[in-house]
Every structure is written in C-alpha cells, then in structure tokens.
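**Student:** Pasting a predicted model and its sequence here:
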Amino acid sequence: MVKKLVYVIIFLVLLRSTGSSGSCTIFTASAGNAVLFGNNEDWDDKDTRAWVEPATETNHGAMYFGFSDLWAQGGMNDEGLCFDAASTPEVPMKPHPEKKRVLSFGKRVLQQCATVEEVIQFVEQHDLSEARSAQFLFADKMGGSVVVCPGKEGEIKVIRKEGVYQVITNFIVTSPQLGGYPCWRYSTCVRMLKEIENEDDLTVEYFTSILKAVSRRFTTYSTIYDLKNGVIYLYNQHNFDQVAVLNLEDELKKGRHTYYISSFFPKKLDESKKLEESKKANESLPEKSQKPETPPENSATPVPEPAPFNILHLLAVIVIIASAAAIVTVARSKGYKTMRKGTDE
C-alpha cells in the first residue's frame with residue numbers, strides 16, 4: 001500500500017513538471033517599427049498567475065506568467081526583452097561543470113539581459129545541460145530573436161531569426177523528427193506569418209487571429225507582447241473576445257505583486273438575464289439617473305504570492321509516510337510473534 005502511494009505521488013510530480021497536455025505555440029515577428037511576440041500556453045491547469053518583480057540593483061524588473069508554483073513560463077522585462085518556452089522530448093545533454101549552473105533559465109535571462117545579443121552571451125557562459133526537455137524563444141524590442149534548444153551532439157544550440165518571423169512548437173528545431181513533426185500548429189503559424197509584408201500587416205489583431213487559429217481546448221492563457229511599447233495583451237481560457245491590456249511600466253510602479261489571471265476576466269452574465277436585469281434596474285431609477293455605470297479601470301484582484309512548489313517538502317512527506325508504515329509493519333510483526341509464543345506455551 002505504501003509503495004503504491006509513493007508511486008502515485010511521484011507520478012503526480014512528474015506529470016506536473018512535464019505536462020499532460022503541453023503543446024505550446026510561440027512566435028514572434030518584426031516589420032518596420034513594430035515587434036510583437038505571441039504565445040498560447042496549452043496546459044490543462046486553470047490555476048494560472050501573473051506576477052511582477054520590480055528592478056533591483058542587479059536585476060531588471062519584469063512581469064511573468066505561469067501557474068501556482070510561480071515558475072516563470074514566460075514574461076517580458078523593462079528593457080523590452082521577452083521569452084516563452086515549449087516542452088520537447090528529452091535529449092541527453094553534456095554537462096559543463098566549468099561553467100555556472102542556472103535554475104529557471106528563462107527568468108534568469110530576463111533578470112540579467114536586455115537584448116538578444118546578451119542572451120547569446122549568457123548561454124555561452126552557463127551550463128544549460130539541465131534544459132534537456134525544453135526549447136526557448138527570446139525576442140527583443142529591436143526585432144532580434146533567437147531559439148535556444150538542445151542540439152544533436154548534446155550541446156545547447158542557438159538559432160537566430162532569419163527574415164520577418166520565427167516560430168517554435170514542440171518538435172526540436174534542430175531535430176524535427178523529435179516531438180511530433182509535422183505539426184499543424186507550426187504550419188498554420190508559418191502560413192499566416194508569411195502574409196506579413198510590412199508594418200501595417202503586423203498588428204495585435206492579426207497576432208490574436210493567429211493565436212486563435214492554433215488554440216486548443218486546453219489553451220489556458222495566451223499573451224501578446226508589444227515589445228516597442230511595453231504593453232501586454234492577455235487572454236484567458238482560449239477566449240479571444242475578452243482581453244486584458246497591461247502596461248508593464250505601470251505594473252512595475254506598484255511594486256512586487258501577484259494576480260490570478262482569471263481575476264482579469266469577470267464572468268459574464270447570460271445575455272438574456274443581463275438584459276432583463278438591466279431593464280428592471282432602469283425602470284426602477286428616476287429618468288435623470290438612467291446612465292450606464294462606469295466600470296473600474298482595472299478589476300483584477302491582486303493576491304498574496306503563494307509559496308513556490310518545493311520538492312524537498314514532498315520528499316519529506318514521502319519519507320514520513322514510509323517510516324510510519326514501516327513502524328506499523330514491525331509492530332504488527334512483534335504482536336504476531338507474541339501471540340504465537342503465548343499459543344505455543
């Protein structure tokens with residue numbers, strides 16, 4: 001029984017860390033003075049978060065997006081650099097003990113870097129052998145972008161954007177046979193991005209249409225970053241009719257804080273019920289006061305930052321459960337021997 005319980009717990013941890021429905025779509029494009037970056041976060045977990053970490057003496061300020069464990073799945077910093085990541089099949093990587101190791105690679109890059117060129121330098125200086133089952137897309141406000149992914153030889157590869165756009169899904173760019181190539185989401189993105197010929201074609205509305213075209217039933221949130229203007233467009237639960245518009249500079253001024261993503265999107269009443277309630281309300285008011293109520297500028301609800309997921313705590317619980325089971329087993333064994341001894345006598 002104890003073994004089964006331990007196996008179930010370990011399976012749940014692995015499931016959360018690798019993703020049961022992970023199939024993210026990430027792309028960027030630049031034309032003229034416009035630079036946009038889009039992402040669909042495909043995951044069957046609705047407990048999503050957005051959080052802000054202001055700049056310090058050593059780190060850039062940024063807004064991040066992810067889940068309740070506050071592990072940054074994507075984000076944008078105050079220099080107009082952004083990223084998002086997609087899961088891939090695991091590839092054996094060569095360790096580099098002579099280099100610095102780094103945890104939460106994407107977040108650390110946003111803290112330390114301002115441009116794609118600095119991202120490339122960061123990659124060269126750090127041991128990223130732990131990034132063996134993910135690839136990253138970074139873009140800056142100058143229009144540069146780069147894919148960072150596992151390579152065939154067990155080394156991290158850096159692939160620069162050539163042309164207007166760059167796209168990743170879940171097959172490894174350097175080894176398309178790994179990860180479900182051909183991918184219809186990738187093909188759809190490429191086909192639609194090819195239609196961008198100039199700055200007039202590169203709009204938030206067009207990027208939204210691409211996200212909608214490649215969304216799935218478990219697309220839990222979507223983001224579009226306007227890197228030139230520091231603006232983030234946020235969508236929830238593959239509903240592209242409602243959007244929350246966030247100004248990064250304004251958010252950073254508020255200090256460190258966290259939001260439930262769902263709090264940006266209050267549930268709408270059924271249309272017929274809404275019309276009926278509105279009619280009754282208007283009929284009960286004096287004629288001069290029948291004016292539409294002005295909604296608050298930002299109805300999102302800040303929440304306290306939950307404690308990050310800690311694998312050590314989980315392992316401690318497993319050890320306690322296993323120890324308790326062992327004690328019970330020994331106690332039962334001794335009891336049985338005592339009973340047997342009494343019977344024999």
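**Tutor:** Nice, thanks for sending it over. Numbers count the residues shown, from 1 in each chain.

**Student:** Now the closest residue to G151 other than its chain neighbours: which helix or strand?
**Tutor:** In space, G151 comes closest to K157 once its chain neighbours are excluded; the distance is 3.8 Å by C-beta to C-beta, 6 or more residues apart in numbering. Backbone N, C-alpha and C define where each C-beta goes, glycine included. K157 belongs to strand 156-160 when elements are defined using DSSP states H and E.

**Student:** ok, which stretches of the stretch 101-250 of the chain are helices?
**Tutor:** 105-112, 116-125, 184-193, 204-213, 248-253 (DSSP state H, counting those that start in this stretch).

**Student:** Counting by contacts, list what the shortest one packs against.
**Tutor:** In other words, helix 248-253. For helix 248-253, the packing partners by 3 or more C-beta pairs under 8 Å, 6 or more residues apart in numbering; DSSP states H and E come out as strand 62-67.

**Student:** Give me the next element, helix or strand, following the strand it packs on.
**Tutor:** With elements assigned by DSSP H and E, the helix or strand that comes after strand 62-67 is strand 74-77.

**Student:** picking that back up, was I right about the residue nearest to G151 contacting T174?
**Tutor:** Yes: counting by C-beta atoms under 8 Å, K157 does reach T174; the two are 5.2 Å apart.

**Student:** Show me where the stretch 51-200 of the chain dips below the pLDDT cut-off.
**Tutor:** Within the stretch 51-200 of the chain, no stretch has pLDDT under 70.

**Student:** got a list of what the nearest residue to S262 once chain neighbours are set aside touches?
**Tutor:** Leaving aside its sequence neighbours, S262 sits nearest to N236 (C-beta to C-beta, 6+ apart; 6.2 Å). Contacts for N236 (C-beta atoms under 8 Å, 6 or more residues apart in numbering) come out as T48, T220, Y221, S222, Q242, A244, I261, S262, F264, F265.

**Student:** can I get those in CSV with neighbour count?
**Tutor:** Formatted as CSV, the contacts of N236 follow (neighbours: other C-beta atoms under 10 Å):
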residue, neighbour count
T48, 21
T220, 22
Y221, 28
S222, 28
Q242, 13
A244, 18
I261, 24
S262, 18
F264, 21
F265, 19
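
**Student:** Which of these sits closest to E162?
**Tutor:** The shortest approach to E162 among those belongs to S222, at 25.7 Å (C-beta to C-beta).

**Student:** Hmm, the closest one is touching F37, no?
**Tutor:** No: S222 lies out of contact with F37 (C-beta under 8 Å); the separation is 11.6 Å.

**Student:** so who does the spatially most central residue of the chain touch?
**Tutor:** Among the residues of the chain, the one closest to the centroid is Q73, at 2.9 Å (C-alpha atoms, centre = their mean). Applying C-beta under 8 Å, 6+ apart to Q73 gives the contacts E41, Y64, F65, G66, F67, D84, A85, G106.

**Student:** G74 versus the last one, what's the distance?
**Tutor:** It refers to G106. 7 Å (C-beta to C-beta, to the nearest Å).
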